[in-house]
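**Q** How does the following fold in three dimensions:
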Amino acid sequence: MNVKSYVWGLLVCLQFFSSLPIPISFKMDRDMIKRTVMMFPILGLIMGGIVGSLLFCLSEWTTLSSLALAFIVWVLPIILTGGIHLDGWMDSSDAYFSYQDKEKRLEIMKDPRAGAFAVISVIVLLSSRFLFIYESMILDSIFLATMIGIIPFFSRIIMGILMVTGKTAKEEGMAHYFKQHTGPMYLLTYLIPYVLIAVIFFWVLPEIADLFLLFTLAAGLLTVWIRRQTIKWFGGITGDTLGASVEGAETVLWLIVWLSAYTGMA
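**A** Numbering: from 1, shown residues only. The predicted structure follows:
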């Protein structure tokens with residue numbers, strides 16, 4: 001196994017899907033694209049690990065209020081991703097709420113201007129997520145930091161599965177370009193980090209293993225639903241719908257964390 005090629009794939013992930021500065025040029029050939037898609041879950045773990053670790057440190061060693069901590073957890077992922085997935089959420093919302101045919105919706109997605117529905121939908125998304133995060137601050141800091149660490153992990157797995165197995169809406173764009181050079185067999189690599197994390201939960205953190213299973217179930221159902229609905233609404237996946245899937249999935253997973261605080265599951 002060429003470890004170096006996987007490191008390059010991870011760096012490409014960071015270049016494409018984060019605001020972290022990676023001042024290296026890569027040749028985007030077939031092998032590089034394969035490695036990049038295979039590194040999606042690791043990218044999610046890095047993003048979640050940064051936010052979760054910061055939350056744990058701030059909650060344990062500072063006197064910041066729950067409101068301040070919630071704001072940091074809420075805004076830091078936006079900064080780390082450069083808002084790239086939020087842009088996809090807004091474009092997809094504008095297209096969907098236009099109630100036009102599939103071709104017209106794809107044209108609306110290309111429009112760089114943000115319409116009223118894009119603004120309304122992103123406000124609803126982010127305000128809902130902030131509520132879930134803020135009211136989840138009553139949970140144990142280690143538990144919450146762990147949940148924060150794996151939420152982006154699951155959302156990037158969803159993005160990867162949709163990208164590789166979903167029908168593309170058009171014969172151009174990022175989604176089509178990546179799909180051309182990959183195949184379902186490469187998704188098997190997602191099992192490695194998933195199994196390792198599952199082992200940690202069931203052996204080291206058994207008290208919250210139920211939430212890990214809930215995350216798994218939710219991720220599976222969301223993947224099936226998003227794949228079906230994108231075909232119905234847009235004719236298939238696009239770069240924008242993939243970004244929207246990340247934002248939507250993370251909000252649903254935060255909803256699960258929030259509900260667990262009220263049901264006593266956590």
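**Q** residues near residue 216, how many?
**A** 14 (other C-beta atoms under 10 Å). All C-beta spots, glycine's among them, are computed from the backbone N, C-alpha and C.
**Q** Could you give the number of residues near the nearest residue to residue 42 once chain neighbours are set aside?
**A** In this structure, residue 42 finds its nearest non-sequential neighbour in residue 10, 5.8 Å apart by C-beta to C-beta, 6 or more residues apart in numbering. Using other C-beta under 10 Å, residue 10 has 19 other residues around it.
**Q** quick one: contacts for residue 10?
**A** With contact taken as C-beta atoms under 8 Å, 6 or more residues apart in numbering, residue 10 is in contact with 35, 39, 42, 43.
**Q** Quick check: the last one vs residue 10, distance?
**A** Plainly put, residue 43 is 7 Å away from residue 10 if you go by C-beta to C-beta, to the nearest Å.
**Q** Need the residues that contact the helix or strand bottoming out on mean pLDDT in the chain.
**A** Sorting the helices and strands of the chain by mean pLDDT, DSSP states H and E puts helix 173-180 at the bottom, at a mean of 71. Identification of contacts with helix 173-180 by C-beta under 8 Å, 6+ apart yields 33, 36-37, 163-164, 166, 168-170, 237-239, 241-242.
**Q** Please name the spatially closest residue to residue 212 (chain neighbours excluded).
**A** residue 201 (4.4 Å).
**Q** Residue 112 versus that neighbour, what's the distance?
**A** Relative to residue 112, and taking C-beta to C-beta, residue 201 is found at 42 Å.
**Q** Which one of the two is surrounded by more residues?
**A** residue 201 (19 against 6).
**Q** Make sure the more buried one is indeed in a helix.
**A** Yes - if the criterion is DSSP: H, G, I helix; E, B strand; the rest coil, then residue 201 is within a helix.
**Q** What segments of this protein are helices?
**A** 3-17, 30-38, 40-61, 66-81, 84-96, 102-110, 116-135, 141-165, 173-180, 191-199, 209-234, 239-263 (DSSP state H).
**Q** re the thing from before, between the contacts of helix 173-180, which sits nearest residue 4?
**A** residue 36 (14.0 Å; C-beta to C-beta).
**Q** Hmm, the closest one is touching residue 12, no?
**A** Yes - with contacts counted by C-beta atoms under 8 Å, residue 36 reaches residue 12, the gap being 4.5 Å.
**Q** between the two, who's got more neighbours?
**A** residue 36 (27 against 21).
**Q** so how many other residues sit close to residue 85?
**A** So residue 85, with other C-beta under 10 Å, has 24 neighbours.
**Q** Contact partners for it?
**A** Per C-beta under 8 Å, 6+ apart, neighbours of residue 85: 17, 243, 244, 246, 247.
**Q** per-residue pLDDT, it?
**A** On pLDDT, residue 85 comes in at 94.
**Q** Distance of it relative to residue 221?
**A** 20 Å.
**Q** related to what we said a few turns ago, residues contacting the residue nearest to residue 212?
**A** 208, 209, 212.
**Q** swap the cut-off to 10 Å and go again
**A** Shown in contact with residue 201 (C-beta atoms under 10 Å, 6 or more residues apart in numbering): 146, 150, 207, 208, 209, 210, 211, 212, 213, 215.
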